[in-house]
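> got a structure for you, letters missing:
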Ligand SMILES: *[C@@H]1O[C@H](CO)[C@@H](O)[C@H](O)[C@H]1NC(C)=O
């Protein structure tokens with residue numbers, strides 16, 4: 001496509017430049033800097049093979065977070081030198097230090113530093129620990145259901161729409177993660193859009209998504225072998241999945257045939273499908289419990305672990321919001337926080353169904369295991 005052709009031309013051009021000797025270059029060293037509020041650190045502007053006098057100046061993308069000293073340096077040729085610049089943090093937040101030179105005799109595309117200014121290093125570690133705990137809680141949360149199915153040799157009471165939506169959701173999530181993490185041409189598109197950004201996918205995200213797919217496939221396989229009465233995936237759920245599939249199919253064709261959409265856009269569409277699925281996936285299970293007046297067959301262990309994961313993930317977002325003074329990403333862009341909140345509210349509802357509304361149904365089954373559950377006859381949705 002047009003963009004990538006330009007990109008590879010640029011790339012060839014920069015290789016040529018790299019091989020032609022004595023090219024002027026400017027660098028700010030490493031591209032990430034963490035700093036505590038009140039702290040001062042030194043960054044180094046490195047200049048090589050300067051051929052004419054320049055005014056090199058640094059500025060931050062957001063005001064009020066850092067103080068830079070000096071803000072500009074007049075450099076005379078010949079120069080192969082390092083010029084220290086003091087960075088003092090005056091407020092928590094995220095920003096980027098950008099270099100510009102006047103006259104613009106060299107490319108300073110790579111001369112930037114992403115700065116994270118934080119209140120407290122303890123909170124940073126605390127947030128990391130929370131992150132690992134909810135990663136484990138969410139990853140383990142699949143197994144109580146698998147165990148319960150195995151123990152009962154039955155999946156009666158586990159909603160198939162939930163499973164169908166779940167496998168589609170985690171597949172879309174993994175496509176998004178793996179694409180951004182492993183495909184260089186997609187990363188190029190990402191950096192073209194966000195030149196000083198970071199790829200928003202961590203190794204844990206990759207593992208979590210792929211493992212979630214695996215565990216859901218195991219659960220679905222159980223449905224083929226264990227007693228399932230007349231449960232099936234409802235027409236409503238099939239219709240919804242068809243709409244998602246058509247949406248992604250059409251966007252993929254548009255991306256392949258035109259340059260109206262990039263592959264990065266397609267990955268983001270996959271992540272929107274995943275978000276939509278997260279919003280609706282528990283509804284059929286909650287409705288089924290209501291119709292059966294029972295939660296037998298629906299693992300409460302799964303719900304407790306999901307609740308733990310969701311609550312800790314929201315807690316981590318609040319700790320980070322405080323530490324990085326970034327409440328904008330919680331309240332300005334409520335997607336992630338809203339999703340965590342939504343799952344937690346659903347989990348509380350399931351706990352209420354299990355321990356309050358339909359507790360009698362569990363006692364009936366426990367008292368008389370031979371008694372057929374009335375579940376099988378129910379039509380789902
Ligand atoms: C160098 O550039 C900065 C920022 O554009 C400007 O404030 C400063 O006055 C310039 N210095 C000289 C000596 O021109």
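Noted; the coordinates are in hand. Everything numeric here is computed off the predicted structure, so don't read it as measured data.

> could you check which residue of the stretch 201-350 of the chain lies nearest the ligand?
For the stretch 201-350 of the chain, the residue closest to the ligand is residue 325, as judged by C-beta to the nearest ligand atom, at 26.8 Å. Every residue, glycine included, has its C-beta placed from N, CA and C.

> got the phi and psi for that residue?
Main-chain torsions, residue 325, degrees, to the nearest 10: phi 50, psi 50.

> what sits against residue 26?
Contacts for residue 26 (C-beta atoms under 8 Å, 6 or more residues apart in numbering) come out as 45, 46, 47, 56, 99, 101, 106, 108, 111.

> would you map out the domains in the protein?
Using automatic domain parsing, the domain parsing of the chain gives 24-118, 121-367.

> gap between the two ends of the shortest one?
End-to-end distance of domain 24-118 (C-alpha to C-alpha, to the nearest Å): 35 Å.

> so for that domain, what's the average pLDDT?
Throughout domain 24-118, pLDDT has a mean value of 88.

> roughly how far out does the helix or strand in which residue 138 is found sit from the chain middle?
Residue 138 belongs to helix 121-140 when assigned by DSSP states H and E. Helix 121-140 sits 15 Å away from the centroid of its parent chain (C-alpha atoms, centre = their mean, to the nearest Å).

> near the ligand, which residues of the chain?
55, 57, 72, 74, 102 (C-beta under 6 Å from any ligand atom).

> how about the residues you listed in TSV, adding distance to residue 166?
Formatted as TSV, those follow (distance: C-beta to C-beta, whole Å):
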residue	distance to residue 166
55	58
57	52
72	55
74	61
102	56
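
> does residue 175 sit in a helix, a strand or a coil?
Secondary structure of residue 175, reduced to three states by DSSP: H, G, I helix; E, B strand; the rest coil: helix.

> contacting residues for the spatially closest residue to it that is not a sequence neighbour?
In this structure, residue 175 finds its nearest non-sequential neighbour in residue 270, 4.9 Å apart by C-beta to C-beta, 6 or more residues apart in numbering. Contact partners of residue 270, counting by C-beta under 8 Å, 6+ apart, are 172, 173, 175, 176, 248.

> again, only using 7 Å
With contact taken as C-beta atoms under 7 Å, 6 or more residues apart in numbering, residue 270 is in contact with 172, 175, 176, 248.

> now the helix or strand containing the first one: buried residues?
Applying DSSP H and E as the criterion places residue 172 in helix 160-182. Of the residues in helix 160-182, 160-181 count as buried by neighbour count, 16 or more other C-beta atoms under 10 Å.

> next secondary structure element downstream of the helix-or-strand element of the chain with minimal mean pLDDT?
None of the helices or strands of the chain scores lower by mean pLDDT, DSSP states H and E than helix 2-19, at a mean of 51. Next in sequence after helix 2-19, counting helices and strands by DSSP H and E, comes strand 25-27.
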